[in-house]
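> below are the sequence and a predicted model for it; my questions follow.
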Amino acid sequence: MSRSCDALVIGGGFYGCTLAVHLARCFDRVLLLEQESDILTRASLANQARIHNGYHYPRNFLTALRSFINFPRFVLDYIDCVDKSFEAYYAVARMHSKVSAQQFKGVCDHIGAPIKPARAAVKKLFNDDLIEEVFLTREYAFNAASLRQKLAGEIAATGVELSLQARVAKVEALPSGRVMVHTDGQSIDAGTVYNCTYSGINSLLKESDLPLLELKHEIAEIALMEPARELDGMGITVMDGPFFSSTPFPARGLYSLSHVRYTPHSNWRDSETFHQPYEYLRARAPQTNFGYMIRDAQRYLPCLGKSRYVDSLFEVKTVLVKNEADDGRPILFRQNHGIKNFSIIMGGKIDNIYDILQMLASIQTFASAETVL
Amino acid sequence: MSANAASPTSSPGGMATVITMLQDDRDLIATFVTKVTGLLKASRPHYEIVLIDNGSSDDTVSEVQRLQQIYPNIHYIRLSRSYDPETAFTAGLENSLGDHVIIMDVRHDPPEAIPLFLASAAQGHEVVIGEATDLPRPFYYRLGEKIFYRLARRCLAFPLNPKASNFRCLSRQVVNSITRMHNKSRSLKYLNAVVGFRHAHIEYELNRARPGEFSLTRFLKSVSLGISIITSHSAVPLRFASFLGLIASLLSAAYVAYIFAVSLFKTKVAEGWITTNIITTMMFFLLFFILTILAEYIARILQEAQDRPLYFVEFESYSSETFYQKELAERLNID
């Protein structure tokens, strides 16, 4: 069976869905393919659910400032998906931290992000020997389940055709300049194709005999728990080194616990050993590191030990090798990658979506200009 | 996934940590890590090995990082310079996560004894202390030890066990109590005694693969450690100094009275330079003795008053990084 469409997006994560909805404004037939049985079930779901407001990057002023500028916009645009019902605390560790409390506050003051010392009752929850200072900040969490609903609504409203459980085997250039997309059961003739498969980007490139990107993958674990009574309504992040954060995870009504040292289970670079990320994850079936996370975290925050473990989300996290060290998570955008009209988009953070929307605006202008001609 | 809901924190026996210090021990690490990992894996569901690199100048880092790709749960902490062993072990304790924490010497303590320590700890002994069988040592070492333990018995409120080595297993509660004490003098032996808790002892034979080094410098270091333990934790020598001072002043007062009497009742005062000399010497002796003790205390006060961290960490790394990848690769090779 063969079909055709004007634009085709591979991957129904947050970026793919948003992209498809925007493309639907300038193309007649837009197709969105997702290999799972619903949209937003992989990395868009299994992450800390943090909406960054700049606090996370005290050593990278530009990223901090950018987060701070995007924050109110994201909160406004996705207001129904934003959980504001908790207080966000940032604690600075005395030892092993790459910033001091004073530096941390300095950066926040400089970009204008609201920050003030936590009240005494909150400070008392922390181990004074290990924590230098605790700050009350303003940061929210997003609800991936609501985000899924919102996007499903937009997909339906804009007339994007969504195909679930559709795994793309390979893409192929057609002499006409269009792109042929082969899925398990069918071939689709598309005018322009976007690869938004995040961890799967290189797998598709490999199957299609296209040059690979320099990607590094990591099996990451987000543990989910019911928080201790004292910590209900509090999101806590310890800066800035091998520490942890425990923040609300609205999609499940639980709290997440992630740890810089114990969240990564294993990693590989595509340039060294190639694994199909999801198959690799399934084959590994990693055991939870919650036991290690909680033991370390409760040294800093003793009452955390009373939390009750529920389960863990394991997901493949993918970054560009060149950004591995510097915490930078720019949008990756490659137009005409090996094939004309075949582009790659990879975002690292949900709240970075505006960078891609900006890019899309220029593409749309370009596309509509073409239509006029 | 929720089937193991309760297990991560409350599994029977809990998590074990083994801490050791590395100081130019590159060639020993691989055997140590292999043995210890095997033993820990067999006895506890969670475990970690904390390697404190106390300023090694050999290529310890690359050896550890090689092992971190093969074995899981190796936490490597490189201190900024070479500190005294007590401080290095404090760094280990402060960074350990285990419900039971074992401290051992990579050179002399046999890993085979680890299960014994853990078993004893699991029976509820908060502190399990290793007692090493005698190591042949030069006579001045034995003499020095004898003097130290006798003095310690007199001065310290909590007795030290002369046979105890630093090979020991502490419960989380004890580790927390010890790390909460902010003394700059970190003798584990003594801090252990201070915090109390239920003790048990395990005898073991020292690993003779590496002969002990008994140089004069090491002896002098031990002497200074001994002095530091006593003066850090006991006011007895200080009280002794003030007592001596009191006697000396009483004696000199009596002497003054004597001179006064002589000048009153004797018409001809003898030359008497012998008595004068004796008294002066005595006084100087006492004076300097008292000064020595005072100096020790001032040194301690200075140390405690300097509010700086006990140690600095230069670099740390953790092994989960590439472990599964290696394991998978190995498995594929076998298949």
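Cool, the structure landed.

> any regions of chain A where pLDDT drops low?
Where chain A drops to pLDDT under 70, the residues are A:1-2, A:323-329, A:363-373.

> what does it have sitting close to chain B?
With CB under 8 Å from any CB of the partner chain as the criterion, chain A meets chain B at residues A:95-96, A:129, A:219, A:242, A:261-262, A:264-268, A:273, A:283-284, A:286, A:288-292, A:294-296, A:299, A:305, A:308-312. The way it works is simple: take the backbone N, C-alpha and C, and place the C-beta from them, glycine included.

> burial count for residue A:172?
Applying other CB atoms under 10 Å in any protein chain shown, we find 14 residues neighbouring residue A:172.

> what about it, which SS state?
Assigned by DSSP: H, G, I helix; E, B strand; the rest coil, the conformation of residue A:172 is strand.

> not counting its neighbours along the chain, what's nearest it?
Leaving aside its sequence neighbours, residue A:172 sits nearest to residue A:180 (CB to CB, 6 or more residues apart in numbering or on different chains; 4.4 Å).

> residue B:162 too?
Excluding its sequence neighbours, the residue lying closest to residue B:162 (CB to CB, 6+ apart) is residue B:149, at 4.6 Å.

> wait, is the one you found part of a helix?
Yes - the assignment for residue B:149 by three-state DSSP puts it in a helix.

> how close does it sit to residue B:168?
18 Å (CB to CB, to the nearest Å).

> who's more crowded, these two?
Counted by other CB under 10 Å, residue B:149 and residue B:168 do not tie: residue B:168 has more neighbours, with 24 against 16.

> OK, contacts around that one?
By CB atoms under 8 Å, 6 or more residues apart in numbering or on different chains, residue B:168 lies in contact with B:102, B:103, B:117, B:127, B:128, B:129, B:130, B:188, B:192.

> may I see these arranged in a markdown table, with distance to chain A as well?
Conversion of the contacts of residue B:168 to a markdown table gives the following (distance: CB to the nearest CB, whole Å):
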| residue | distance to chain A |
| --- | --- |
| B:102 | 16 |
| B:103 | 18 |
| B:117 | 19 |
| B:127 | 20 |
| B:128 | 20 |
| B:129 | 24 |
| B:130 | 25 |
| B:188 | 18 |
| B:192 | 19 |
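
> ok, the nearest residue to residue B:26 once chain neighbours are set aside to residue B:108 distance?
Closest residue to residue B:26 apart from its sequence neighbours, by CB to CB, 6+ apart: residue B:58 at 4.6 Å. As judged by CB to CB, residue B:58 and residue B:108 stand 19 Å apart.

> between those two, which has more neighbouring residues?
Higher neighbour count among residue B:58 and residue B:108: residue B:108, with 18 against 13, using other CB under 10 Å.

> please name every helix or strand in contact with the one helix or strand residue B:65 maps to.
If you go by DSSP states H and E, residue B:65 is part of helix B:60-68. Under the contact criterion of 3 or more CB pairs under 8 Å, 6 or more residues apart in numbering or on different chains; DSSP states H and E, helix B:60-68 touches helix B:26-43, strand B:46-53, strand B:74-79, strand B:313-318, helix B:320-334.

> again, 7 Å this time
Counting contacts by 3 or more CB pairs under 7 Å, 6 or more residues apart in numbering or on different chains; DSSP states H and E, helix B:60-68 packs against helix B:26-43, strand B:74-79.

> which SSE is residue B:165 in?
Counting by DSSP H and E, the element that carries residue B:165 is strand B:164-171.

> what is the subsequent helix or strand relative to that strand?
The first helix or strand that comes after strand B:164-171 along the chain, using DSSP H and E, is helix B:172-180.

> what does stretch A:200-215 rub up against?
The set of residues external to stretch A:200-215 that reach it, using CB atoms under 7 Å, 6 or more residues apart in numbering or on different chains, is A:10, A:168-172, A:195, A:197, A:270-271, A:274, A:276-278, A:318, A:320-322, A:337-339, A:344, A:346.

> could you tell me the end-to-end distance of that stretch?
Chord length of stretch A:200-215, first to last residue, is 10 Å (CA to CA, to the nearest Å).

> for that stretch, buried residues please.
Neighbour counts over stretch A:200-215 (16 or more other CB atoms under 10 Å in any protein chain shown) mark A:200, A:201, A:202, A:203, A:204, A:205, A:208, A:210, A:213, A:215 as buried.

> so for the last one, what's the nearest residue that isn't a sequence neighbour?
Using CB to CB, 6+ apart and skipping residues adjacent in sequence, the residue nearest residue A:215 is residue A:270, 5.1 Å away.

> the closest residue to chain B within the stretch 1-150 of chain A: what secondary structure?
Distances between the stretch 1-150 of chain A and chain B by CB to the nearest CB are smallest at residue A:96, namely 6.1 Å. Put simply, residue A:96 is coil when judged by three-state DSSP.

> just give the number of residues close to it.
Per other CB under 10 Å, the neighbour tally for residue A:96 reads 15.

> try residue A:49
Per other CB under 10 Å, the neighbour tally for residue A:49 reads 24.

> what values do phi and psi take at it?
Here is the backbone geometry of residue A:49 (degrees, to the nearest 10): phi 60, psi 20.

> residues near the closest residue to it other than its chain neighbours, how many?
Once flanking residues are discounted, residue A:49 sits nearest to residue A:141: 4.5 Å by CB to CB, 6+ apart. Residue A:141 has 24 neighbours, counted by other CB under 10 Å.

> pull up the pairing partners for the helix or strand hosting residue A:141, direction included.
Assessed by DSSP H and E, residue A:141 sits inside strand A:140-142. Using DSSP bridges, strand A:140-142 pairs in its sheet with strand A:50-51 (antiparallel), strand A:82-83 (antiparallel).

> please produce TSV containing these, extended by mean neighbour count and distance to residue B:14.
Formatted as TSV, the strands paired with strand A:140-142 follow (neighbours: other CB atoms under 10 Å in any protein chain shown; distance: least, CB to CB, whole Å):
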stretch	mean neighbour count	distance to residue B:14
strand A:50-51	24	31
strand A:82-83	19	34
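
> figure out which of those strands is closest to residue B:155.
Nearest of the strands paired with strand A:140-142 to residue B:155, taken as CB to CB: strand A:50-51 at 55.6 Å.

> which stretches in chain B count as strands?
B:15-22, B:46-53, B:74-79, B:100-104, B:127-132, B:164-171, B:199-204, B:313-318 (DSSP state E).

> list the buried residues for the fifth one?
Residues of strand B:127-132 classed as buried under the neighbour-count rule (16+ other CB under 10 Å) are B:127, B:128, B:129, B:130, B:132.

> now that strand: how far from the chain's centre is it?
13 Å (CA atoms, centre = their mean, to the nearest Å).

> one more: the fourth one?
With CA atoms, centre = their mean as the basis, strand B:100-104 stands 13 Å off its chain's centre.

> quick one: that strand to strand B:164-171, angle?
With axes from the mean of the first three to the mean of the last three CA atoms, to 10 degrees defining the directions, strand B:100-104 sits at 160 degrees from strand B:164-171.

> repeat for the first one
Orientation note: strand B:15-22 sits at an angle of 150 degrees relative to strand B:164-171 (the same axes, to 10 degrees).

> and residue A:352, which of the three is it?
Three-state call for residue A:352 (three-state DSSP): helix.

> ok, it touching residue A:331?
Yes - counting by CB atoms under 7 Å, residue A:352 sits close enough to residue A:331 to count as a contact (6.1 Å).
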